[in-house]
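J.: generate a structure from the sequence data that follows.
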Amino acid sequence: MSRVGALLLILSISGPVSMAQALAGKSCQADSDVGSIPYAGCSRHACYTWRNAKCVSTVGFCVCEPGQCILDGSCVNKGDTSKVTGGTCKIAGCNAWRHATCTGNGPLDNSQCLCAADESAVAGECVAKNGGCPKYTGYNCHWFNTACGGGATCSSDANCECAADECVVDGACQKASDAVIELSRSSAEVRNQNRSEAAAPFAFFAVAFLAASALITVVVRARQASQQPDTMSNYIQVE
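T.: Residues are numbered from 1 along each chain as shown. Below is the predicted model of the structure:
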């Protein structure tokens with residue numbers, strides 16, 4: 001049995017609740033996190049626009065309104081889905097494969113790539129909230145190599161994407177159906193999670209390297225300063 005077939009079998013055994021959850025996307029439920037958003041302070045500035053939160057100046061935190069919960073660091077209405085793709089657009093625009101809109105107000109705002117009201121963010125890509133699925137295979141194409149594998153087509157933005165009536169599953173395009181849509185969404189989220197976990201050690205070592213470099217620079221400069229002659233002291237001694 002192929003990997004795709006095995007995944008379809010597992011999903012069919014999981015039952016209709018799993019299917020409904022996958023079709024709805026990551027949604028705000030009654031038992032979702034509520035209250036203040038972790039690591040979202042607003043003592044000197046307003047909450048970032050993409051958080052859809054209000055600033056409680058007395059405590060310095062961004063909090064959600066009653067009837068909302070926290071998904072991907074933003075406040076979402078009960079029954080709605082996350083719009084946060086994880087892409088930023090402060091310097092450059094959103095990656096075309098996200099099909100998202102850049103949201104931000106001014107230089108002090110943290111511009112983020114967000115999905116529309118009738119869409120859900122699935123593994124960083126905006127798809128239709130009801131019945132949508134990821135199209136981006138994770139590969140790019142260029143003018144010197146426009147071939148895309150897995151039945152995908154090279155888009156005008158040089159991304160390998162599936163057709164409107166297809167979903168991407170493990171890098172290949174398949175005709176959309178309820179089972180394929182669920183499989184596409186779940187496999188995309190797993191792939192996105194694995195990608196984040198794989199990148200975490202590199203980010204840690206990068207930060208550690210920068211911290212070590214800064215510490216070495218400080219130590220070297222301190223030693224150089226201590227080795228320089230005290231010209232004023234020498235002058236006084238001569239006198």
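
J.: a helix runs through residue 65, doesn't it?
T.: No. Looking at residue 65 with DSSP: H, G, I helix; E, B strand; the rest coil, it is coil, so not inside a helix.

J.: isn't it right next to residue 75, touching?
T.: Yes. Between residue 65 and residue 75 there is a contact at 6.7 Å, judged by CB atoms under 8 Å. The C-beta positions use only the backbone N, C-alpha and C, and glycine is treated the same way.

J.: where does this structure dip in pLDDT?
T.: Across the chain, residues meeting the criterion (pLDDT under 70) sit at 1-25, 30-31, 33, 192-239.

J.: tally up the residues packed near the closest residue to residue 54 other than its chain neighbours, please.
T.: Nearest non-adjacent residue to residue 54, counting by CB to CB, 6 or more residues apart in numbering: residue 63, 6.2 Å away. By the criterion of other CB atoms under 10 Å, residue 63 has 21 neighbours.

J.: I'd like the distance between residue 63 and residue 77.
T.: For residue 63, the distance to residue 77 (CB to CB, to the nearest Å) stands at 15 Å.

J.: which strand or helix spans residue 185?
T.: Using DSSP states H and E, residue 185 falls within helix 178-227.

J.: which residues touch residue 61?
T.: 36, 37, 40, 41, 42, 55 (CB atoms under 8 Å, 6 or more residues apart in numbering).

J.: what bridges to residue 74?
T.: Counting by DSSP bridges, residue 74 forms beta bridges with residue 71.

J.: number of nearby residues for residue 190?
T.: For residue 190, using other CB under 10 Å, the count is 12.

J.: do a quick rundown of the helices in this protein.
T.: With DSSP state H as the definition, the chain shows helices at residue ranges 3-14, 16-24, 178-227, 231-238.

J.: what residues are up against residue 180?
T.: Here residue 180 is in contact with 133, 167, 169, 174 (CB under 8 Å, 6+ apart).

J.: turn these into TSV, including distance to residue 107.
T.: Shown next, in TSV, are the contacts of residue 180 (distance: CB to CB, whole Å):
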residue	distance to residue 107
133	36
167	39
169	41
174	44
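
J.: which one of those is nearest to residue 88?
T.: residue 133 (24.2 Å; CB to CB).

J.: quick check: that closest one touching residue 119?
T.: No. Counting by CB under 8 Å, residue 133 stays clear of residue 119, with 11.8 Å between them.

J.: all good on my end, thank you.
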